[in-house]
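Sharing a sequence plus its predicted fold:
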Amino acid sequence: MRTHFCGEISQKQENDVIVLCGWVHRRRDHGGVIFIDLRDVSGIAQVVIDSDEHSEIFALGERLRHEYVLRVEGKVRLRPEGTENPDMQTGAIEVIVNTLEILNASSVLPFQLDEHSSVGEDTRLRYRYLDLRRPEMLNHLRFRSKVTHHIRNFLENNRFIDVETPILTRATPEGARDYLVPSRTHAGHFFALPQSPQLFKQILMVSGVDRYYQIAKCFRDEDLRADRQPEFTQVDLEASFVDEKAVMQIAEELIQSLFADILSVNLPTFPCITYAEAMQRFGSDKPDLRIPLELVELTDLMQDVEFKVFREAAQTGRVAALKLPGGTELSRKAIDDYTKFVSIYGAKGLAYIKVNDLAAGFSGLQSPILKFFPEQVIQLILERVAARTGDIIFFGADSVKVVSEALGALRVKLGHDLKLFDQNAWAPCWVVDFPMFEQNEKGGLQALHHPFTAPSCSIDALQKSPQEALSRAYDMVLNGVELGGGSMRIHDAAMQQAVFKLLGISTNQAEKEFGFLLKALQYGCPPHGGLAFGLDRLMMLMLKTTSIRDVIAFPKTQSAACMMTEAPGEVENEALKELHIKRRQPIGAS
């Protein structure tokens, strides 16, 4: 239907007769001459309808409105001198129309595409097909396609095989709630949508696939936020006869090659930080290394101070400081706002010391807590944080969890609020040596990652001191965002049973839920490990957007609903009957 794309014509086509198809982006009637900005996937071209030359076409042109779909034929000419548009890719030329065909009309738009920023997100999601017409959104989709193409090429060149795994599988306890699918042919039984392909990719290693990858759809029924969706996409990798270093190296090379090829950015070699170090220095297991602030440990200095809050925290939890250079300029209101902010993470307050004049000693300090500390302790604090005149020192004193999370979040907020780093910088790292387990709400143990992660110790050592055991897990972090995570897997049935037992999963329960995996481990399972990247998060970072909804064609809302299709929707009783399901009460009943 067309000979050229709108955004690709130039002076080279001068005097050529061409055919274009696209949407009316703008229409301007200058009394006898109508200018149309015609848009397709490649860009915009200006087409001109002159009443003196084609009165019938001009009459048709007067009917045109935004987003009408056209096919035009005309001759390319250079724009008259002084009318060129340097902001347009095709701004040096225009097309004089000699044939015009309206392929389809358009109703009045619910919002103008170039005024999307003033429209609520719900409206844009309800009319997502219009929102996606915007060049910005089409560029996001095109960018994502380039990224996945690069990933596939890289992995194929490194002997990985693309293998699809089932979407309808069985429910397994992996942390989040499963989406369940009732079975029509097996009354009272349910499939589950996979939270990840974890068990299948391990089975593929048992099968001798050696190196597997998949750009996989995953599903988790959990509360949503800007970087989380109920269905999301991950780049899933697994390899046999490897150790942590081998998996981390291939994953690092993949991301480095991706940034170099797509963004022309040369990422450095990724530094390795242990989980313990990350929590101590940054208060987070996904530290943003662009921010030049660190937590400083003060627990040892507070063991015997008279200030009860600090002393008790030092004896049972943690006391730490966060120094902000130049922070004495913060107003009282700003400090109050930051105090309110850290309360989100359980902090009961935000003590501080302003260093107005370091040379003046104790009298050069300003703080409501100074009276609770001897000068000797204050001096040790100033030395440990390397205080300078003009600094403010914030303190956290509570449980280890509260102090780390509160000061860690404050560190990030200060970095962004005060623009303490280059917004265009990229700071990757690996976080390793995670604890094998963490305590759950009932006081028992739960896997920090998932129950198939291999510990770095023997079965005897694991059973003797499970809370001290470290896992062979690793997370890739970029600019404070967890890009991907993985681990070496348990490939020995006895170790897997030992881990299940520590997690409170009985032999019967393990056999019921993971019996096929445990059986497979008995038939010559090779050592193996892998990693999964969150593709949506990766896109969000590379495109510098603030929400993964901007990089997904048809995303869900915060309430896990699709505004366009109105999913989830009601189902007729007859369909439920076939699935052996009966409603307890009508839809909408309280």
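Happy to help now that I have it. Numbering: from 1, shown residues only.

Only C-alpha atoms from now on, for both contacts and neighbour counts.
OK.

which residues of the stretch 251-400 of the chain score low on pLDDT?
Scanning the stretch 251-400 of the chain for pLDDT under 70 picks out nothing.

Mind jotting down where the helices sit in it?
Secondary structure of the stretch 251-400 of the chain by DSSP state H, counting those that start in this stretch: the helices cover 275-282, 308-316, 332-343, 375-384, 400-417.

closest to Met205 out of the ones you listed?
Closest of the helices of the stretch 251-400 of the chain to Met205 is helix 275-282, at 28.0 Å (criterion: CA to CA).

and for the closest one, what are the contacting residues?
For helix 275-282, contacts defined as CA atoms under 8 Å, 6 or more residues apart in numbering pick out 284-287, 293-297, 404, 408, 411, 431-435.

ditto for stretch 107-116
So stretch 107-116 is in contact with 66, 119, 124, 130-131, 133-134, going by CA under 8 Å, 6+ apart.

can you do 6 Å?
Outside of stretch 107-116, no residue comes within contact range by CA atoms under 6 Å, 6 or more residues apart in numbering.

Next SSE downstream of the biggest helix by length in the chain?
As assigned by DSSP state H, the longest helix anywhere in the chain is helix 135-157. Sequence order places strand 161-162 as the next helix or strand after helix 135-157, per DSSP states H and E.

State the mean pLDDT of that following strand.
Strand 161-162 shows an average pLDDT of 98 in the prediction.

go on, stretch 36-56?
Summarised as a single mean, pLDDT over stretch 36-56 is 93.

Just give the number of residues close to Val72.
When neighbours are counted by other CA atoms under 10 Å, Val72 registers 21.

Quick one: classify the closest residue to it other than its chain neighbours as helix, strand or coil.
Counting by CA to CA, 6 or more residues apart in numbering, Leu100 is the residue found nearest to Val72 once chain neighbours are left out, at 4.7 Å. Here Leu100 is strand, with the state taken from DSSP: H, G, I helix; E, B strand; the rest coil.

Also Glu115?
Following three-state DSSP, we place Glu115 in the helix state.

ok, it - how many residues close by?
Glu115 - counted by other CA under 10 Å - has 8 other residues nearby.

if I look at it, how far off is Val69?
20 Å (CA to CA, to the nearest Å).

Equivalent analysis for Ser257, please.
Counting by CA to CA, the gap from Ser257 to Val69 is 40 Å.

cool, and Val48?
16 Å.

Strands of the stretch 1-150 of the chain, start to end?
Secondary structure of the stretch 1-150 of the chain by DSSP state E, counting those that start in this stretch: the strands cover 17-29, 33-40, 43-50, 69-78, 93-104.

so which of the ones you listed comes closest to Glu84?
Short answer: strand 93-104, nearest of the strands of the stretch 1-150 of the chain by CA to CA, at 7.5 Å.

contact partners of the closest one?
So strand 93-104 is in contact with 46-49, 68-79, going by CA under 6 Å, 6+ apart.

which intervals of the stretch 1-150 of the chain have sub-threshold pLDDT?
116-117.

switch the cut-off to 90
30-31, 51-55, 112-121 (pLDDT under 90).

all helices of the stretch 451-590 of the chain, in order?
Under DSSP H, counting those that start in this stretch, the stretch 451-590 of the chain gives helices at 459-464, 493-502, 507-520, 535-543, 573-578.

Show me what the third one is in contact with.
Contacts to helix 507-520, defined as CA under 6 Å, 6+ apart, come from residues Ala493.

According to the record, where do the domains of this protein fall?
Domains of the chain are assigned by automatic domain parsing as 6-104, 138-175+197-272+429-543, 291-421.

First-to-last residue distance for the last one?
Distance between the boundary residues of domain 291-421 (CA to CA) amounts to 6 Å.
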